[in-house]
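>>> sequence-free structure coming up:
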C-alpha cells in the first residue's frame, strides 16, 4: 500500500490540433498524472504518447482515463496504452466521437458515474458531467482537494458547447449540480490553460 503523503499531481503540456465539424485549431493540452513513485493514472492522453510515457518515468500506469473523446484528448491514447499496457477508459456515451479518431480500436473499459479508480492508496471518483460532450466525465480526488475537469470547466467558466455532441443547458446543469457543489477550496485542474477553484468559478455559471 502506498503512503498517502507521497501522492501528488503532475502536469505534462502537449501541443497539437483539435478537429471537429470541419474545422481545425492549434491547441495545447494539459495531461495530468495522479499517483506516487510507484503508480499513476494518466488523465487525457493528448497528442504525444512519447512525452507522456517519459513523464511516467517507469511507474505502473493503472489506466489511461479519457475525460471525453475529442481528438485532442484521446489522440495518443492507443499508443500510450501500447507503451504501458494500461487500459483506456471512456464513458460509453462518447463512443461515437471516439470512433471518428480511432475507428479500429475501441476503449478497453467504461467510465460510469460513481465509479472509483484506485491509485497509490487513494480513491479518484468519476463524475459524469454531460454537456461539453455527452460522455464528458470529471475526476474528483478528495484526498488531493482537486477535480480534473477536462473541457467541462475552465478558468473563467464552462467549456465550449458550440459544436456537435454538445449542449449548453446540459453543461450548466452538470456544473451546478455536480461540480460547484464540491468544497470551494477544491482546485480545478483543467484540460487547457490555468488552474482555478470551485469557489472562483461559482459566479461564472448561470443560476438555473
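Nice, thanks for sending it over. Because the structure is predicted, anything quoted here is derived from the model rather than measured.
>>> and the residue lying closest to residue 205 once chain neighbours are set aside, how many neighbours?
Using Cβ to Cβ, 6 or more residues apart in numbering and skipping residues adjacent in sequence, the residue nearest residue 205 is residue 175, 4.7 Å away. All C-beta atoms are positioned from the backbone trio N, CA, C, and that covers glycine. Residue 175 sits with 26 neighbouring residues when counted by other Cβ atoms under 10 Å.
>>> ok, residue 175 touching residue 129?
Yes. In this structure, residue 175 is within contact of residue 129 by Cβ atoms under 8 Å, at 7.2 Å.
>>> Find residues that contact each of the two.
Shared contacts of residue 175 and residue 129, defined by Cβ atoms under 8 Å, 6 or more residues apart in numbering, comprise residue 152.
>>> residue contacts, the most centrally placed residue in the chain?
In the chain, the centroid-proximal residue (Cα atoms, centre = their mean) is residue 67; its distance is 3.3 Å. The contact partners of residue 67, by Cβ under 8 Å, 6+ apart, come to 43-44, 73, 136-139, 148-152, 191.
>>> what would the residues you listed look like in CSV with secondary structure?
CSV is the format used below for those (DSSP: H, G, I helix; E, B strand; the rest coil):
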residue, secondary structure
43, strand
44, coil
73, helix
136, coil
137, strand
138, strand
139, strand
148, strand
149, strand
150, strand
151, coil
152, coil
191, coil
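>>> Can you turn the buried subset of these into a selection I can paste into PyMOL?
Buried members of these, defined by 16 or more other Cβ atoms under 10 Å, are picked up in PyMOL with:
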select buried, resi 43+44+73+136+137+138+139+148+149+150+151+152+191
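>>> shaky segments in the chain?
1-5 (pLDDT under 70).
>>> just to revisit the earlier point, closest one to residue 197 out of the contacts of residue 67, please.
Relative to residue 197, the closest of those is residue 149; by Cβ to Cβ it sits at 11.5 Å.
>>> Contact partners for the closest one?
Counted by Cβ under 8 Å, 6+ apart, residue 149 has contacts 67, 129, 138, 159, 179, 188-191.
>>> what's the answer for residue 156, then?
196, 201, 204.
>>> Filter those down to the buried ones and hand me the PyMOL line.
Buried residues among the contacts of residue 156 (16+ other Cβ under 10 Å), as a PyMOL selection:
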select buried, resi 196+201
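>>> In TSV, list the contacts of residue 156 along with secondary structure and distance to residue 25.
Compiled in TSV, the contacts of residue 156 are given as follows (DSSP: H, G, I helix; E, B strand; the rest coil; distance: Cβ to Cβ, whole Å):
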residue	secondary structure	distance to residue 25
196	strand	22
201	helix	23
204	helix	22
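>>> and of the contacts of residue 156, the nearest to residue 11?
For these, the nearest to residue 11 is residue 196 (14.1 Å; Cβ to Cβ).
>>> burial of the spatially closest residue to that closest one that is not a sequence neighbour, as a residue count?
Of all residues not flanking residue 196 in the chain, residue 155 sits nearest, at 4.1 Å (Cβ to Cβ, 6+ apart). Residues within reach of residue 155, counting by other Cβ under 10 Å, total 15.
>>> Please work out how many residues are found near residue 17.
Residue 17 has 12 nearby residues by other Cβ under 10 Å.
>>> Alright, that wraps it up for me.
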